[in-house]
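In: Give me a 3D structure for the following:
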Amino acid sequence: MNDLSMASTATQKAFDVQAIRRDFPILSQQVNGKPLVYLDNGASAQKPRSVLDAMDRYYREMHSNVHRGAHTLGDRATAAFEGARETVRSFLNAGSTREIIWTKGTTEAINLVANGLAPKLKAGDEILVSHMEHHANIVPWQMIAERTGAKVVPIQVTPAGELDLESFDRLLSDRTRVLAITHVSNVLGTINPVNELVGKAKARGVITLLDGAQAVPHFQPDVQALDCDFYVFSSHKLFGPTGIGVLYGKAALLEDMPPYQGGGEMIERVSFERTTWNVLPYKFEAGTPAIAEAVGLGAAVDYLSGLDRPAMEAAENALMVRANQLVETVPGMSIIGTAKQKVPVMSFKIEGLHPSDVGTLLDQQGIAIRTGHHCAMPLMDFYGVPGTARASFAFYNTLDEVEQLFTALQKIQRLFA
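Out: Numbering: from 1, shown residues only. Next comes the predicted model:
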C-alpha cells in the first residue's frame, strides 16, 4: 500500500465509517448473493434510521393536515412541518423561513422559478445555462423561451469537464436576463466556481439560480454568502425521502413572482370576482403538502448536522483518491471529467464494453451503479459518447467497497477481452 492509500485508510478510520453504516439499515443486505455495494448515490442516497423513525413517528403519533386544524394533532403536525422548514433555513443560512418553499424536488423548483420569471422575459433576452446541466435545468428554460421569444444559450465546458470561463465571460451580456447553472455536475462531479459566476452576473443585474441537487450531499452551501437569487435541491439526494425538495428564493423576488399553482393554502381570500394570494412561503404551496416527507427531510438535515463535516468531506475525498489510483488497473478504462475540484463522482467508460452491460454485470456481483446519459444528453454529445457508467460515492461508502468495484471491473474486462 502506498502513502496515499495509507492516508486514505487513516482518514476513513478517523471518521469511523463502520459506525456510520450502522445508521443505514439498507446497507446491511445482500444483492444477488453478495453484500450490497451501493454506489448510485448521485441518483438517490440511502436514508439513516433517524429519517425512517421520524416519518414513522409522524404517521403514528401526529398525522393531521397542517395550519388550520383546531385540535392537538393538527398543532403537532404543524409544529413538526414548520420546524423542518426552520431546519432547512438554518442549513442554507437563508434570512427567513419565508424564503424556503417546499416543492416536489429540484425539477419542480426550477419549473416554478422559470414560470415565475416568464413575465420578465421578452424576445431577444437570453438565458445562460451550461453544457453540463441536467435536463431539469435545460428543458424548463426552453419551454419558457418558446413562450416569450427569449433564447437559451449554453456556456461551453472544457475537455477536462470544467466550465469554460472565457466562454462565460464572452456570452454574459446586456441581453442576459437569467443565469441558471449547476453548483455540481451530476455526471462529472465538477464543482463550479459559482461565487465568481454569480458575482459577475449580478454586476449586470442578471437573476441567478443555482441547482444544488448534487452539491448539498457533500458540503453545506451558504446562500447569503453566495448571494444567489434562487437555490434549489432535492431531499432524496440529501439522505431524506423522495417527493419533496426545496426552493430558496430571495423574498423580494418571490413576492414579485405570480403563483405557480392555484388551490387551497396559497390563497388569502377567494371570491368569484377576485382571489388574493397568501403570504410567503404559502403563496407557492398549493394544496396539502408532503408533510411526512418534510419531517423526514428535516431529520436528514439534523443527521448531517450531527456529523463532523470536515471529517466527512475528507473521508469522501479519500474514496475518490483511491478510485483514481485504481483506474490504471482496468485496461481500456477512462474517466469522463477530470476537473481539479470535484465531489466523489466517477463517470467512466471501458473500451469495447457498453455501459449498460457494465452495470448489469456489476449488479450480478452486488454492486449498484448508474448507466446511461444521466439526463445530460448535451454533455454526452460533447464527449461523443451515448452514455457512461457512473459510480457516485457517499460518506457511508468504504475503501473496501472501492476495491470491490475495481476488482469486479477487472473481472468484467477480462471476461470480454
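
In: Might one say that Ala323 is in contact with Asn397?
Out: No - under the criterion of Cβ atoms under 8 Å, Ala323 is not in contact with Asn397, lying 10.0 Å apart. Placement of C-beta: from N, CA and C, glycine included.

In: domains for the chain, by residue range?
Out: 3-31+308-416, 52-305 (automatic domain parsing).

In: who wins for proximity to Tyr38 among those?
Out: Within the domains of the chain, the stretch nearest Tyr38 is domain 3-31+308-416; the backing value is 5.0 Å (Cβ to Cβ).

In: for the closest one, what is the average pLDDT?
Out: Here domain 3-31+308-416 scores 92 as its mean pLDDT.

In: and it, how far out from the chain's middle?
Out: Centroid separation for domain 3-31+308-416 versus its chain: 18 Å, with Cα atoms, centre = their mean, to the nearest Å.

In: What residues sit buried inside stretch 241-255?
Out: Buried residues in stretch 241-255, defined by neighbour count with 16 or more other Cβ atoms under 10 Å: 241-250, 253-254.

In: wait, I meant stretch 193-208
Out: So for stretch 193-208, counting by 16+ other Cβ under 10 Å, buried means 194, 197-198, 200-201, 206-208.

In: Among those residues, which pair sits farthest apart?
Out: Val194 and Ile207 (14.3 Å).

In: re earlier: and of the buried residues of stretch 241-255, the nearest to Gln341?
Out: Tyr248 (22.7 Å).

In: Can you check my assumption that the closest one lies in a helix?
Out: No - Tyr248 is assigned strand when assessed by DSSP: H, G, I helix; E, B strand; the rest coil, not a helix.

In: how about the residue nearest to it when sequence neighbours are not counted, secondary structure?
Out: Excluding its sequence neighbours, the residue lying closest to Tyr248 (Cβ to Cβ, 6 or more residues apart in numbering) is Tyr231, at 4.3 Å. The three-state label given to Tyr231 by three-state DSSP is strand.

In: any idea how far Ile20 is from Glu316?
Out: Counting by Cβ to Cβ, to the nearest Å, the gap from Ile20 to Glu316 is 12 Å.

In: for Leu415, that is, sorry about that
Out: 31 Å.

In: Could you check which of the two is surrounded by more residues?
Out: Glu316 (23 against 9; other Cβ atoms under 10 Å).

In: shouldn't the more buried one be in contact with His218?
Out: Yes - using Cβ under 8 Å, Glu316 makes contact with His218 at a distance of 6.4 Å.

In: and Thr407, how many neighbours does it have?
Out: With other Cβ under 10 Å as criterion, Thr407 counts 15.

In: List the residues that contact it.
Out: Counting by Cβ atoms under 8 Å, 6 or more residues apart in numbering, Thr407 touches no other residue.

In: Nearest residue to the middle of this protein?
Out: Ala213 (1.4 Å; Cα atoms, centre = their mean).

In: so what's that one closest to, chain neighbours aside?
Out: Closest to Ala213 by Cβ to Cβ, 6+ apart is Thr106, at 4.4 Å.

In: check contacts around that neighbour.
Out: 134, 136, 211-213, 232-234, 245.

In: Help me confirm that Leu304 comes into contact with Leu238.
Out: Yes - counting by Cβ under 8 Å, Leu304 does reach Leu238; the two are 7.4 Å apart.

In: Count the residues that sit near Met57.
Out: Careful, residue 57 is Arg; it's not Met. There are 15 residues near Arg57, going by other Cβ under 10 Å.

In: Actually, Gly337.
Out: Gly337, neighbours per other Cβ under 10 Å, totals 24.

In: I'd like the numbering to begin with 29 instead of 1 from here.
Out: Happy to do that; since the first residue is 29 now, the last one works out to Gly365.

In: Now the phi/psi pair for it, please.
Out: phi 100, psi 100 (degrees, to the nearest 10).

In: I figured it hits Ser213, correct?
Out: Yes - here Gly365 reaches Ser213: they are 7.1 Å apart, a contact under Cβ under 8 Å.

In: any common contacting residues for these two?
Out: Common neighbours of Gly365 and Ser213 (Cβ under 8 Å, 6+ apart) are 189, 373.

In: follow-up on the earlier one: how much space separates the residue nearest to Tyr276 from Val251?
Out: From Tyr259 over to Val251 (counting by Cβ to Cβ), the distance is 5 Å.

In: Who has more neighbours out of those two?
Out: Taking neighbours as other Cβ under 10 Å, Tyr259 and Val251 compare with Tyr259 leading, 27 against 22.
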